[in-house]
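Colleague: what follows is a predicted structure for the sequence shown.
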Amino acid sequence: MSAPIIDVKGLTKVYNGGFEALKGIDLEIRRGEIFALLGPNGAGKTTLISVICGLVNPSSGRVLVDGHDILDDFRAARSRIGLVPQELTSEAFSTVWDTVSFSRGLFGKPKDPAHIEKVLRQLSLWEKRKNRLITLSGGMKRRVLIAKALAHEPQVLFLDEPTAGVDVELRRDMWEVVRGLRQSGVTIILTTHYIEEAEEMAERIGVIRAGELVLVEDKQTLMASLGRKELTLHLREPLSQLPEALAHRSLTLADDGHALVYRYDGADDGEGAIADLLGEVDAAGITFKDLHTRQSSLEEIFVNLVKERT
Amino acid sequence: MNLTSVKTLYRAEMARSLRTILQSVVSPVLSTSLYFVVFGSAIGSRISEVEGIPYGAFIVPGLIMLMLLTQSVSNASFGIFFPRFSGSVYEILSAPISPLEIVLGFVGAAATKSIVLGLIVLGTASLFVPFTIEHPLMMLLFLVLTALTFSLLGFIIGIWADGFEKLQLVPLLVITPLTFLGGTFYSIDMLPPLWQTVTLFNPVVYLVSGFRYSFYGLGDVSVWISLGMILLFMAVALVVIHAIFRSGYRLKP
């Protein structure tokens, strides 16, 4: 296997006030993967990204980007990185085209209008290229930030909470772009606290909690071991006990027999398991007036995770 | 040296002042011209000569210096403060550029603007009052060194400021009073002896004196002392900026 694109060893960060944001992080990001960093607010996700990108000085430890130290060889390290920050920040009065071109120049790349055009079109910003940033909506501004990060053709793209407060359309466009980038060999690291997002996009998931990396695992493994789903059928007639025909299913009665609850792994959804179950319920002569499903949230996964590992 | 990055920063800063040409060019030129009209043409004709120079002409170097100092400080301080304020500074800090290159971009642009303004005001002044420039090269040297030094000071203020008030504080409460008391409108020989001594602690005295020397061949202090002082100020500013980037003060936690 080739050397990791990002190699973090023993990284700590203690802020001036004494707050320990990172407590010895070791992490290797594989070349070309999509890696999701999960964690509650204040866990250290943004600090970790900020150290790698050069926005925050590390207290100890080291970070290599494509083999280049972020401090001793910062030019080589940073020129490989594109960062989309969490907060919408922009030079309000310049135009979309100018600000994206500025980003490319700032990273020392020669002018390339064709590349800028490609990026703007990918993000549906082409029509808005002459607009001043102050006139754009929040979603559009986020697109601009992504375009800025892609302007210098980075090998690694950091997306810090990319879909916080973003509408469905932008989210779809964004994942489209991310997939395209991945295909062209760009490594993508995103932070999020939405499990669905990590589930949909990432190949590997790292969970960070109170400045420590609690685990790093392939998504499949993580979802199978930790994700739980629950289907609840609200029955027309209450049942006193489970019918014989359904005994082989791990079903439970709830709400004084008014509800039938089916719990299953997040990993084996689809595959017709639910349809089969509903068929059997119907065949057993049980009618229901409503149903709902719920998925364990990251919050719950965390609780489980933290319980398990401590 | 990453020239493309420096040029990009420099051009973006220059473009910003072109977008606000009324505020960044027209307004300082107009307000300085008003001084020439009032103190030069109108009142100046009733004031006797200072050291053999008509009053209107005498105040030209000092007024250009006044404009140069305030514009350099406010241009450079706003240039770096605004991205910090809006948050877009993240991009500059994450770019593959050294602190020196960041300073070159921002301070270079601010100093360029001040120098251009200085030359415009010089041209405007000649419309109102007749004057001569005995040492044009020395004049340009002072113009460039002063613009650079006070743009560096402005850069420091732009990093130190945590709000718009502090940003205005230094130009209004420090630079302007020091310039008014620094021999812009008078020769320090006209002050009582005690105040002549006190005045020597005012750094602006050396700038105005040296600049005036390049016009009329005479100043309050030797031109070489003036030149030495401005180089000293520049060195101090560079040391402070070096310390800022070293410690990450207000830029990198």
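Modeller: Sure, I can see it.
Colleague: just give me the longest helix of chain B.
Modeller: When chain B is scanned for its longest helix (criterion: DSSP state H), the result is helix B:55-86.
Colleague: run through chain A and note the low-pLDDT ranges.
Modeller: Regions of chain A meeting the criterion pLDDT under 70 cover residues A:1, A:223-227, A:265-272, A:295-310.
Colleague: can you pull the buried residues of the longest helix of chain B?
Modeller: B:55-85 (16 or more other CB atoms under 10 Å in any protein chain shown). Heads up, the C-betas are built off the backbone N, CA and C, glycines and all.
Colleague: out of those, who's near chain A?
Modeller: B:82-83 (CB under 8 Å from any CB of the partner chain).
Colleague: ok, the residue positioned nearest the centre of chain B - contacts?
Modeller: Residue closest to the average C-alpha location in chain B (CA atoms, centre = their mean): residue B:69, at 2.3 Å. With contacts defined as CB atoms under 8 Å, 6 or more residues apart in numbering or on different chains, the neighbours of residue B:69 are B:146, B:150, B:175, B:179, B:204, B:207.
Colleague: which of these are buried? Put it as a ChimeraX command.
Modeller: Buried members of the contacts of residue B:69 can be picked out in ChimeraX with the line below, counting by 16+ other CB under 10 Å:
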select /B:146,150,175,179,204,207
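Colleague: can you tell me which of the contacts of residue B:69 is closest to residue A:140?
Modeller: residue B:150 (38.9 Å; CB to CB).
Colleague: surely that closest one meets residue B:114?
Modeller: Yes. In this structure residue B:150 lies within contact range of residue B:114 using CB atoms under 8 Å: 7.5 Å.
Colleague: quick check: neighbours shared by these two?
Modeller: Both residue B:150 and residue B:114 are contacted by B:68, B:72, under the criterion CB under 8 Å, 6+ apart.
Colleague: next structured bit after the biggest helix by length in chain A?
Modeller: In chain A, with assignment by DSSP H, the single longest helix is helix A:168-183. Scanning forward in sequence from helix A:168-183 by DSSP states H and E, the next helix or strand is strand A:187-192.
Colleague: what sits up against that next one?
Modeller: A:5-6, A:29-39, A:45-46, A:49, A:86, A:155-163, A:178, A:181-182, A:197-198, A:201-202.
Colleague: wait, what's in contact with the residue in the stretch 101-250 of chain A that chain B sits nearest to?
Modeller: Going by CB to the nearest CB, chain B is nearest to residue A:105 of the stretch 101-250 of chain A, at 3.0 Å. Applying CB under 8 Å, 6+ apart, we find residue A:105 in contact with A:111, B:4-5, B:7-8, B:11.
Colleague: which ones among the contacts of strand A:187-192 map onto strands?
Modeller: Assigned to strands by DSSP state E, the following of the contacts of strand A:187-192 qualify: A:6, A:29, A:34-38, A:156-160.
Colleague: now render those residues as a markdown table, adding distance to residue A:149 and neighbour count.
Modeller: Shown next, in a markdown table, are these (distance: CB to CB, whole Å; neighbours: other CB atoms under 10 Å in any protein chain shown):
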| residue | distance to residue A:149 | neighbour count |
| --- | --- | --- |
| A:6 | 16 | 24 |
| A:29 | 17 | 23 |
| A:34 | 15 | 25 |
| A:35 | 16 | 25 |
| A:36 | 17 | 25 |
| A:37 | 17 | 28 |
| A:38 | 21 | 27 |
| A:156 | 10 | 23 |
| A:157 | 6 | 23 |
| A:158 | 8 | 26 |
| A:159 | 8 | 26 |
| A:160 | 10 | 22 |
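Colleague: and those residues, which two are furthest apart?
Modeller: Among the ones in strands among the contacts of strand A:187-192, A:38 and A:156 lie farthest apart (CB to CB), at 18.5 Å.
Colleague: which residues in chain A form helices?
Modeller: Shown for chain A, the helices assigned by DSSP H span residues A:45-53, A:74-79, A:96-106, A:113-122, A:138-150, A:168-183, A:195-201, A:219-226, A:273-283, A:298-309.
Colleague: quick one: buried residues of the fourth one?
Modeller: Using 16+ other CB under 10 Å as the test for burial, helix A:113-122 gives A:115-116, A:119-120, A:122.
Colleague: report all helices and strands that that helix contacts.
Modeller: For helix A:113-122, the packing partners by 3 or more CB pairs under 8 Å, 6 or more residues apart in numbering or on different chains; DSSP states H and E come out as helix A:96-106, helix A:138-150, helix A:168-183.
Colleague: within range of chain B, give me the residues from chain A.
Modeller: A:15-16, A:53-57, A:74-79, A:81, A:83, A:85, A:87, A:89-94, A:98, A:102-103, A:105-110, A:148.
Colleague: out of those, which end up buried?
Modeller: For the residues of chain A next to chain B, buried by 16+ other CB under 10 Å: A:53-56, A:74-75, A:77-79, A:81, A:83, A:85, A:89-91, A:94, A:98, A:102-103, A:105-109, A:148.
Colleague: walk me through the domains of chain A.
Modeller: A:6-224, A:228-296 (automatic domain parsing).
Colleague: need the residues of chain B near chain A, please.
Modeller: B:2, B:4-5, B:7-9, B:11-12, B:15-16, B:19, B:82-83, B:86-88, B:90-98, B:248, B:252-253.
Colleague: cutoff 6 Å now
Modeller: B:2, B:4-5, B:8, B:12, B:86-88, B:90, B:93-96, B:248, B:252-253 (CB under 6 Å from any CB of the partner chain).
Colleague: what's the PyMOL syntax to select whichever of the residues you listed are buried?
Modeller: Those of the residues of chain B next to chain A that count as buried under 16+ other CB under 10 Å are selected in PyMOL with:
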select buried, chain B and resi 2+4+5+8+12+88+90+93+94+95+96
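Colleague: greatest separation within the residues of chain B next to chain A: which pair is it?
Modeller: B:4 and B:253 (28.3 Å).
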